[in-house]
Structures are given as structure tokens and as C-alpha cells.
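>>> Any chance you could fold what I've pasted below:
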Amino acid sequence: MELKGKVALVTGAALGIGKAIAEILLKNGAKVSLLDCNQPEGEAAAAALGQLYGPENVLFLHCDVTSGRQLEECFSKTLETFQRLDIVCNNAGIFDERNWEKCVSINLVGMIRGSKLALQHMSKEKGAAGGVIVNVASLAGYYPMEGGPVYTATKYGVVGYTKALSLDCMKNHGVRVNALCPSIVDTQLVRSQEGDGRKVMDNLIEKLGTLLMPAQIAEGLLELVLDQSRNGAMMKMFHDGRIEYEDQAEVQPAEA
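Just a heads-up that it's a prediction; the model follows:
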């Protein structure tokens, strides 16, 4: 997929992975709508990226992905501003075992909402040009995280939903669906944990020794977007820099 002239929508785009994803898409010629519930950081990110890549190519929209209404309005405003939509990255996520319902609502339900809206607005069946969805999962969607059962469940859900959706999404809508599954990434989400969450993250950091950087995840996103042969691809990104793919060919539909 050539990115020049394409339009992307990225959730959780004010900081960390989301901001890095927005920047790499802009750098490669796309226009980007940045969605985040952190309005000050989101506006600052949009202003900084606008200076680098042109303010006409960047749009910030305040959005809580747990609100279906807000998310739907942001998709509509993105289309109203840029007149098309080609790439959707469902990146918004938190780690919060105490407020577990919020964790499920953001990490899993928000991703499903974003994917459904992406299909609504990109489907060739509805007269659009098709496109690609990339969901940000985690290696915790394959290897359970000690101290993080709810987070683990949400990321297993992201992986499972992406695999299942990819089975007929390209055929029915002209939309590819892939997922990024990184190890722990050096972000504010990780560094700002307190209490039990801090202990979980400290144990992981001590065990792994090294963390991935947001820019590495953005490079993975770019690969999944550009490589039109990738559909139903789970890109596993390990802390030591190794990348392994689980492709759609390895995903078999379950028998009822």
C-alpha cells in the first residue's frame, strides 16, 4: 500500500506507541487523525507533528474509546476532514487489574468498536476503497502475564478477534486485518504504574532486562500496513528484537 494521500486513524495516539505510529505514518505521506482521551497531550502531539509534517495533515480528536458515541463521532469527523479512510490502528490500551472493567472496556471492547467502525467506513461492499486494520495486542496474548490476568485476557481477546475477523474480511470487505504483539514497551503506561501494577512491571523489566521502544513498534505497524500480502498476520515482537509471524495460513476456523 502506497501511503501518499492515504488517511489513517489511530487511537491512543497522544503518547508512546500511538504517537510513534502516527509519526511514522505521517513521515511516509499519510494524513493522520489522532484520537486520545488525554486532551492536553493529544493537542501537544498534534501541534508538534503538524510543525514537522504540515498542520493540514494532522487532526487531533478528543475521544474515550469506551464511548461508542464518541468513537463514532471521531470516525465521522475524520472522514469529514480528510474525505477518506484507509488505515485504522486500534492502539488504545491500559494496564489496570484493580479497575478491571475499565481495562476490558478499553483494551478489548474499544478495539472491537474501532474495528467495526473501520469496516463500516472502509468496506468496498459499502462503496469505499478498502484498507487495513492493525490491532495492537501483546505477547501477553500468547504468554500469560503473571500478576496481570485481566490484561492477559484482553490481549488474548485482541489476538482471537483479529484472527477470526481476518478469515473473511478481505473477501467480504477488501480490508486486511493484522495485529502487533509486542513484548513490554518503554512507555508512560509502564513507567507510571503504582502499587501492585508497579511490582508487576518491575518484575517483568528485571526478568527481560531490555524493553522495546515505541519506534520499533511503529516500524512493525508500517510493515503490516505496506505489505499487502499480510492478512491475519500476528507480528510477535520479542524484547531482544526478534520478530516472528503467525500468518493466516496457520489460523484454522474452529468447527462449531
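
>>> Quick check: pLDDT value at Val251.
Per-residue pLDDT puts Val251 at 49.

>>> What residues sit buried inside stretch 70-87?
Counting neighbours by 16 or more other CB atoms under 10 Å, one finds that the buried residues in stretch 70-87 are Gln70, Leu71, Glu72, Cys74, Phe75, Lys77, Thr78, Leu79, Phe82, Leu85, Asp86, Ile87. All C-beta atoms are positioned from the backbone trio N, CA, C, and that covers glycine.

>>> That should have said stretch 180-198, apologies.
Result for stretch 180-198 [16+ other CB under 10 Å]: buried residues Leu180, Cys181, Pro182, Ser183, Ile184, Val185, Thr187, Leu189, Val190, Gln193, Gly197.

>>> try stretch 196-215
Neighbour-count burial for stretch 196-215 [16+ other CB under 10 Å]: Gly197, Val200, Met201, Leu204, Ile205, Leu211, Leu212, Pro214.

>>> Equivalent analysis for stretch 218-234, please.
By 16+ other CB under 10 Å, the buried positions in stretch 218-234 come out as Ala218, Gly220, Leu221, Leu222, Glu223, Leu224, Val225, Arg230, Asn231, Gly232, Ala233, Met234.

>>> Figure out how far stretch 178-190 is from the centre of its chain.
Its chain's C-alpha centre and that of stretch 178-190 lie 10 Å apart, by CA atoms, centre = their mean, to the nearest Å.

>>> So what would you say the end-to-end distance of that stretch is?
24 Å (CA to CA, to the nearest Å).

>>> What of stretch 25-35?
First-to-last distance for stretch 25-35 - CA to CA - comes to 14 Å.

>>> just stretch 77-86 next, same as before
14 Å.

>>> Pipe the buried residues of stretch 180-198 into a markdown table and attach pLDDT and distance to Phe60 per row.
Listed next are the buried residues of stretch 180-198 as a markdown table, based on pLDDT from 0 to 100; distance: CB to CB, whole Å:
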| residue | pLDDT | distance to Phe60 |
| --- | --- | --- |
| Leu180 | 98 | 22 |
| Cys181 | 98 | 27 |
| Pro182 | 96 | 24 |
| Ser183 | 94 | 29 |
| Ile184 | 88 | 27 |
| Val185 | 91 | 22 |
| Thr187 | 85 | 19 |
| Leu189 | 73 | 19 |
| Val190 | 77 | 24 |
| Gln193 | 80 | 26 |
| Gly197 | 82 | 28 |
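
>>> export those residues to a markdown table and tack on secondary structure and distance to Met1?
Listed next are the buried residues of stretch 180-198 as a markdown table, based on DSSP: H, G, I helix; E, B strand; the rest coil; distance: CB to CB, whole Å:
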| residue | secondary structure | distance to Met1 |
| --- | --- | --- |
| Leu180 | strand | 16 |
| Cys181 | strand | 21 |
| Pro182 | strand | 22 |
| Ser183 | coil | 26 |
| Ile184 | coil | 29 |
| Val185 | strand | 24 |
| Thr187 | coil | 27 |
| Leu189 | helix | 29 |
| Val190 | helix | 31 |
| Gln193 | coil | 36 |
| Gly197 | helix | 37 |
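
>>> Quickly name whichever of the residues you listed is closest to Ala137.
Nearest to Ala137 among those, counting by CB to CB, is Cys181 at 4.7 Å.

>>> Go ahead and confirm the closest one touches Lys236.
Yes: between Cys181 and Lys236 there is a contact under CB atoms under 8 Å: 4.8 Å.
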